[in-house]
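**Q** I'd like to go over a predicted model; first the sequence, then the structure.
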Amino acid sequence: MLKDVFIGLSQNRLLTAAAKKYGLKLGAQTVVAGTNIEETIKSIRSLNAQGISATVDNLGEFVFEKEAALEAKENIMDMIEAIHKNKVDAHISLKPTQLGLDIDYDFCLENLKDIVALAHNYHMHINIDMEDYGHVQPSYDLLNALSKDYDNIGTVIQAYFFRAMDDLQEHKDFRLRIVKGAYKEPADVAYQTREEIDENFIKLIEYHLLNGKFTSIATHDHHIINHVEAFIKEHDISYDKFEFQMLYGFRKELQRELANKGYNFCTYVPFGDDWYAYFMRRLAERPQNLNLVFKQVFTK
Ligand code: FAD
């Protein structure tokens, strides 16, 4: 119920524009690393000092004007240059709809090519984040097209989709992030219960750990993490074949604990002024995240 409210709010264009105009508010600063490159590099340095790498996301999605998509491309390319120049341990996550997928497929592909080519020069990985169901197939098409010329790309498998195992098997030679899935999807394409999603999530993780290139296990769910740790031990899976990932600002103790155990750990670091939809999705996933907001507001 609350989930639907927050997902609805995340898609409200007027509120998105207002949030952009008035800066980081509502406690969003706890889960957004900075509004500009300088602040974000500082946050990444502090993660790196704890043995944690970063995947950096220039916030923004569902862009419908070419000018805004080109601006997003420039921001991402500036961040790639800054990561390289500052020698921090980080790579990029991006969303195809921010780069014009809803405007024109070829326009989006050209934008992505520029980004991937620049990152390729610096041996930097680019992750194509997965968005809602309508964008899933076009995002795989982009990945497949880019993979003809570049090997520094990967994407995300969302466990709530019935199609997830087929997609995983088809793309097992890519570096893949596996997640439960963040959007509200209908029952004809996606599992609806927590049990079904978790069961599929585990199946996908295990399959990719045994057969795939590199697995990013992206979850805050300690039940899943405990299961994965036991599986890795049982199958003697090398630590350089996988990493754990969590979002910036969430379960910081557990992030450090996993990094201290010697696992590769990568934090998803969102930055920029387009924070509103991202923040509302986090509240939809876990309304208890409102606690973060209250803490932020009342401990000032
Ligand atoms: P949940 O199902 O939210 O939680 C399960 C259990 O874990 C909870 O009941 C609780 O016991 C525990 N728990 C969870 N959070 C906390 C907390 N903060 N404190 C204490 N206990 C907690 N989704 C996409 O659709 N596309 C993407 O490209 C994408 N990329 C992502 C990248 C990263 C790095 C991460 C971490 C997530 C990404 N997601 C993405 C979001 C993902 O799909 C889930 O919506 C999100 O991670 C919530 O699911 P969960 O697995 O973390 O656990």
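**A** Alright, I've got the coordinates. Just so you know, these numbers come straight off a predicted model, no measurement behind them.
**Q** could you pull out the helices for the stretch 101-250 of the chain?
**A** 105-121, 136-146, 164-170, 194-211, 222-234 (DSSP state H, counting those that start in this stretch).
**Q** As JSON lines, these with mean neighbour count would be great.
**A** Using the backbone N, CA and C atoms, a C-beta is placed for each residue, glycine as well. Below are these laid out as JSON lines (neighbours: other C-beta atoms under 10 Å):
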{"stretch": "helix 105-121", "mean neighbour count": "18"}
{"stretch": "helix 136-146", "mean neighbour count": "17"}
{"stretch": "helix 164-170", "mean neighbour count": "16"}
{"stretch": "helix 194-211", "mean neighbour count": "18"}
{"stretch": "helix 222-234", "mean neighbour count": "14"}
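**Q** and those as CSV, adding distance to Lys66?
**A** Converted to CSV, the helices of the stretch 101-250 of the chain look like this (distance: least, C-beta to C-beta, whole Å):
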stretch, distance to Lys66
helix 105-121, 7
helix 136-146, 17
helix 164-170, 29
helix 194-211, 36
helix 222-234, 40
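**Q** how about these, which one is nearest Val63?
**A** Of all the helices of the stretch 101-250 of the chain, helix 105-121 sits nearest to Val63, with 9.7 Å by C-beta to C-beta.
**Q** in the stretch 151-300 of the chain, which ranges drop under the pLDDT threshold?
**A** Across the stretch 151-300 of the chain, the ranges flagged by pLDDT under 70 are 286-300.
**Q** Quick check: residues of it near the ligand?
**A** The stretch 151-300 of the chain comes close to the ligand at residues 156, 158, 179-183, 218-221, 245-247, 250-251, 268, 285-286, as judged by C-beta under 6 Å from any ligand atom.
**Q** Show me what the biggest helix by length in the chain is packed up against.
**A** Ranked by number of residues, the top helix in the chain under DSSP state H is helix 66-86. Here helix 66-86 touches helix 37-49, strand 53-58, strand 90-94, helix 105-121, going by 3 or more C-beta pairs under 8 Å, 6 or more residues apart in numbering; DSSP states H and E.
**Q** buried set for it?
**A** Buried positions in helix 66-86, judged by neighbour count with 16 or more other C-beta atoms under 10 Å: 68-70, 72-73, 75-77, 79-80, 82-84.
**Q** can you list the residues that contact it?
**A** Helix 66-86 is contacted by residues 37, 40-41, 44-45, 56, 58, 60, 63, 90-92, 94, 98-100, 103, 107-108, 111, 114-115, 118-119, 122, 124, 271-272 when judged by C-beta atoms under 8 Å, 6 or more residues apart in numbering.
**Q** Selecting buried members of these in ChimeraX, what would you type?
**A** A single ChimeraX command suffices to select whichever of the contacts of helix 66-86 are buried according to 16+ other C-beta under 10 Å:
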select :37,40,41,44,56,58,60,63,90,91,92,94,98,99,100,103,108,111,115,118,119,124,271,272
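**Q** sorry, back to before: taking helix 37-49 as reference, get the angle to the longest helix of the chain.
**A** When axes from the mean of the first three to the mean of the last three C-alpha atoms, to 10 degrees is applied, the directions of helix 66-86 and helix 37-49 differ by 50 degrees.
**Q** State the mean pLDDT of helix 66-86.
**A** In this model, helix 66-86 carries a mean pLDDT of 97.
**Q** With stretch 110-117 instead?
**A** 98.
**Q** and what of stretch 89-106?
**A** Mean pLDDT, stretch 89-106: 97.
**Q** contacting residues for Asp102?
**A** Applying C-beta under 8 Å, 6+ apart, the residues near Asp102 are Phe62, Val63, Phe64.
**Q** Over to it: give its phi and psi.
**A** Note on Asp102: its backbone torsions stand at phi -80, psi -10 [degrees, to the nearest 10].
**Q** before we move on, back to that, can you pick out the most distant pair from the buried residues of helix 66-86?
**A** The widest separation within the buried residues of helix 66-86 (C-beta to C-beta) is 25.1 Å, between Ala68 and His84.
**Q** Okay, and the beta partners of the closest residue to Gly154 other than its chain neighbours?
**A** Spatial nearest neighbour of Gly154, excluding adjacent residues (C-beta to C-beta, 6 or more residues apart in numbering): Arg175 at 3.6 Å. As for beta bridges, Arg175 partners with Gly154, Phe214 under DSSP bridges.
**Q** List the contacts of Arg175.
**A** Taking C-beta under 8 Å, 6+ apart, one finds His125, Asn127, Gly154, Lys213, Phe214, Thr215, Ser216 in contact with Arg175.
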